[in-house]
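**Student:** can't give you the sequence, but here's the structure:
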């Protein structure tokens, strides 16, 4: 199997993905090609892989190149994890400039005005990668980690509806992190399904495997007492500054336990989360920083300090990158690759694919995050014909904005950007939106120059 990792010069993505793949017996003998535009960083990751294979004698081959098209020729699987430009300075612009124009966005990465500009920067590059895939390896499985996930996936599959393209996010790991302790049962005894939009998804089904009993009533009864004082990112940041230890929370299935400490405030990171628990009787799979990007009243409810502290903590967590490859599996990527290689039909808990009726109340063309069975033809989503009406209404509110983002990228039209912002449920201002768009195009050159 030929596996191409695009963006592998990132020590985090490249190192972790290689370590995961190297643990797989099923993928033994695979050729792994590392691709990045940063040649020195790429070479460093290649040397890490070479050193690991020399020590462990694992049967894989690893090469590296800055020539994406050469790497993609005859590939069986392509994994994408990229950003464009300087990530955090651009993110700061995404977040702060719309606020200057009166837009009450709580985060600015995936939703709201900030998420729109992020999508407009990164999606064209991923579409270009997929142009090469369509030409050079059209039967390949393509797995994308890059955000904004719904915008990217919707746009790519609008252009290439038959491409085996999957968006992969690790927020689903929160269920493994918390539910065993809430329910006093091993994770392996739980049957769980969640669905929605990326970063805006809720648990829909929960059952105990041993008794076949519905576990959702127990979750609704016990979760409030558990989460009310669960440490949040303000607590984690304070702990990191005091002790010099940064917990790895992104994608982790392990709780960040602060030596028995409970949170200094109630519902840290989860004040908006609590609204969904109380009013919709549904358990979200993520916290306020993500949920709040899609709801017009989020700024009035969410833990705003916790969100700001998460942003700082997240940057700290990326700084001390390890310079070695682990002999443990960190991400779900390897299981998807194995399912594809073996045509196994195993159920993956969360992938982003086209809706096509899986959630009936949402448009067919929107990318939804949903469980799916993985085989040689890609991901086959599991349908939820009785999706909760109330939460589904919130999801529908955002679909028009995603539709116009996809059209703006594919047709390179600035007027669609303006219309997308005016359709966005998070935005309640109008007068200066065209000026904001012009300012962002100017400030984020060359990434937005294509918009005319």
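**Tutor:** Right, received. Where do you want to start? Just so it is clear, the structure is predicted and the values come from calculations on it, not from any experiment.
**Student:** Correct me if wrong: residue 326 contacts residue 21.
**Tutor:** No - with contact defined as CB atoms under 8 Å, residue 326 does not count as touching residue 21 (11.9 Å). Where you see a C-beta, it was placed from the backbone N, CA and C, and this is true even at glycine.
**Student:** which stretch of helix or strand covers residue 125?
**Tutor:** Here residue 125, judged by DSSP states H and E, is contained in helix 112-136.
**Student:** If you could redo that for residue 395, that was the one I meant.
**Tutor:** Here residue 395 sits within helix 389-411, counting by DSSP H and E.
**Student:** Average pLDDT for that helix, rounded please.
**Tutor:** For helix 389-411, mean pLDDT is 98.
**Student:** Who are the packing partners of the very next helix or strand once past that helix?
**Tutor:** Once helix 389-411 ends, the next helix or strand along the chain (criterion: DSSP H and E) is helix 414-423. On a contact count with 3 or more CB pairs under 8 Å, 6 or more residues apart in numbering; DSSP states H and E, helix 414-423 meets helix 112-136, helix 389-411, helix 433-443.
**Student:** in the second one, what's buried?
**Tutor:** In terms of neighbour count (16 or more other CB atoms under 10 Å), helix 389-411 has its buried residues at 391-392, 394-410.
**Student:** ok, how many other residues are close to residue 381?
**Tutor:** 22 (other CB atoms under 10 Å).
**Student:** show me the contacts for the most centrally placed residue in the chain.
**Tutor:** Geometric centre of the chain, nearest residue: residue 169, 3.4 Å, by CA atoms, centre = their mean. By CB atoms under 8 Å, 6 or more residues apart in numbering, residue 169 lies in contact with 145, 147, 149, 198-199, 350, 352, 369.
**Student:** Backbone dihedrals for it, please?
**Tutor:** Backbone geometry at residue 169, expressed as degrees, to the nearest 10, gives phi -130, psi 150.
**Student:** likewise the one 10 residues further on?
**Tutor:** For residue 179, the backbone dihedrals (degrees, to the nearest 10) come out as phi -60, psi -40.
**Student:** In contact with residue 429, which residues?
**Tutor:** With contacts defined as CB under 8 Å, 6+ apart, the neighbours of residue 429 are 101-103.
**Student:** Out of those residues, grab the one that's most surrounded.
**Tutor:** Of the contacts of residue 429, with other CB under 10 Å as the count, residue 103 tops at 22 neighbours.
**Student:** Name the SS class of that residue, please.
**Tutor:** What DSSP: H, G, I helix; E, B strand; the rest coil gives for residue 103 is coil.
**Student:** residue ranges for the strands of this protein, please.
**Tutor:** 2-6, 31-35, 61-65, 77-80, 141-144, 164-167, 190-197, 200-208, 283-284, 346-354, 367-375, 378-381 (DSSP state E).
**Student:** Show me the one of these that comes nearest residue 111.
**Tutor:** Closest to residue 111 of the strands of the chain, according to CB to CB: strand 200-208, at 7.8 Å.
**Student:** So which bits of that closest one are buried?
**Tutor:** Within strand 200-208, the residues scored as buried using 16+ other CB under 10 Å are 200-204, 206-207.
**Student:** Now tabulate those in JSON lines and tack on pLDDT and distance to residue 310.
**Tutor:** Below are the buried residues of strand 200-208 laid out as JSON lines (pLDDT from 0 to 100; distance: CB to CB, whole Å):
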{"residue": "200", "pLDDT": "98", "distance to residue 310": "17"}
{"residue": "201", "pLDDT": "98", "distance to residue 310": "18"}
{"residue": "202", "pLDDT": "98", "distance to residue 310": "20"}
{"residue": "203", "pLDDT": "98", "distance to residue 310": "21"}
{"residue": "204", "pLDDT": "98", "distance to residue 310": "26"}
{"residue": "206", "pLDDT": "98", "distance to residue 310": "26"}
{"residue": "207", "pLDDT": "98", "distance to residue 310": "32"}
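**Student:** Could you dump these into CSV and include distance to residue 3?
**Tutor:** As requested, the buried residues of strand 200-208 are arranged in CSV below (distance: CB to CB, whole Å):
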residue, distance to residue 3
200, 30
201, 27
202, 33
203, 32
204, 32
206, 34
207, 35
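**Student:** Greatest separation within those residues: which pair is it?
**Tutor:** 200 and 207 (23.6 Å).
**Student:** out of residue 326 and residue 21, which sits in the more crowded spot?
**Tutor:** Per other CB under 10 Å, whichever of residue 326 and residue 21 has more neighbours is residue 21, with 26 against 15.
**Student:** That one contacts residue 27, correct?
**Tutor:** Yes - contact criterion CB under 8 Å: residue 21 and residue 27 qualify, at 5.8 Å.
**Student:** re the thing from before, just the buried residues of strand 200-208 now: which is nearest residue 50?
**Tutor:** Nearest to residue 50, judged by CB to CB, of the buried residues of strand 200-208 is residue 201 at 38.9 Å.
**Student:** who's the closest one bridged to?
**Tutor:** According to DSSP bridges, the residues that bridge with residue 201 are residue 196.
**Student:** got the contact list for residue 192?
**Tutor:** By CB under 8 Å, 6+ apart, the contact set of residue 192 is 175, 179, 203, 205-206, 349.
**Student:** neighbours of the residue nearest to residue 339 when sequence neighbours are not counted, just the number please.
**Tutor:** Once flanking residues are discounted, residue 339 sits nearest to residue 374: 3.3 Å by CB to CB, 6 or more residues apart in numbering. By other CB under 10 Å, 25 other residues sit near residue 374.
**Student:** mind listing what residue 374 touches?
**Tutor:** Residues in contact with residue 374, defined by CB under 8 Å, 6+ apart, are 335-336, 339-340, 344-348, 380.
**Student:** do residue 82 as well
**Tutor:** Counting by CB under 8 Å, 6+ apart, residue 82 touches 6-7, 122, 125-126, 146.
**Student:** same check, this time on residue 32
**Tutor:** By CB under 8 Å, 6+ apart, the contact set of residue 32 is 3-5, 18, 21, 49, 60-63.
**Student:** Which strand residues bridge it?
**Tutor:** According to DSSP bridges, the partner residues bridging residue 32 are residue 3, residue 62.
**Student:** Pick out the most distant pair among the contacts of residue 169.
**Tutor:** Largest separation among the contacts of residue 169 by CB to CB: 147 and 350, giving 14.3 Å.
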